[in-house]
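J.: With the sequence up front, the predicted model follows.
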Amino acid sequence: MSDSYEIDDDTPVFAIAVAAELAGMHPQTLRQYDRIGLVVPGRTRGGSRRYSARNVEQLREVSRLSGEGMSLASIARVLDLEDEVRALRRRCRDLEQALRDERAARPGARVFAAGATGSVITLRAGTRVRRSADLVLWSPPRPPSEGGDGQ
């Protein structure tokens, strides 16, 4: 029985000396950045710092931005915004997958009607609607991979 796990960009694997060398910095600089919360590595059970590939990239970016004259507070904001963008992209991927799953579970069965009051109801495909009703009908287009024309 083998214990397998996935190593990705966020997996803390590098000791401080290795991370410092990869980032082109002195280990004391990495300790300082950790203390001020700029680049915070993972920790082992014993408390040793372990840096991920993403941490090393952040350290390189800190060095570059600092060399261009940015303050550490500004650099911290840039790193926070990059983390937020990464989280939002991950959320978008998750929502897109949920939408694909939903469409696969109910192919062609979703038509929405909206009345003059703004209420929205789901109709089964083929359901007739009163002609006197003020409705807008919409059916989500199928992507080309699902056999639709994508429009």
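T.: Okay, I see it.

J.: switch to C-alpha atoms for all contacts and neighbour counts from now on
T.: Will do.

J.: was I right about L59 contacting V40?
T.: No. In this structure L59 lies outside contact range of V40 using CA atoms under 8 Å: 10.1 Å.

J.: higher neighbour count, the two?
T.: Higher neighbour count among L59 and V40: L59, with 23 against 19, using other CA atoms under 10 Å.

J.: after whatever helix or strand the more buried one lives in comes which helix or strand?
T.: Assigned by DSSP states H and E, L59 belongs to helix 53-67. With elements assigned by DSSP H and E, the helix or strand that comes after helix 53-67 is helix 72-105.

J.: Could you list the buried residues of that following helix?
T.: 75-76, 79, 103 (16 or more other CA atoms under 10 Å).

J.: With stretch 13-28 instead?
T.: The neighbour-count check on stretch 13-28 (16+ other CA under 10 Å) flags 13-17, 19-20, 23, 27 as buried.

J.: now stretch 36-48
T.: 38-42.

J.: and what of stretch 47-62?
T.: Neighbour count says stretch 47-62 has 49-56, 58-62 buried, by 16+ other CA under 10 Å.

J.: Pick out the least confidently modelled helix or strand of the chain, by mean pLDDT.
T.: Lowest on mean pLDDT, DSSP states H and E among the helices and strands of the chain sits strand 136-138, with a mean of 50.
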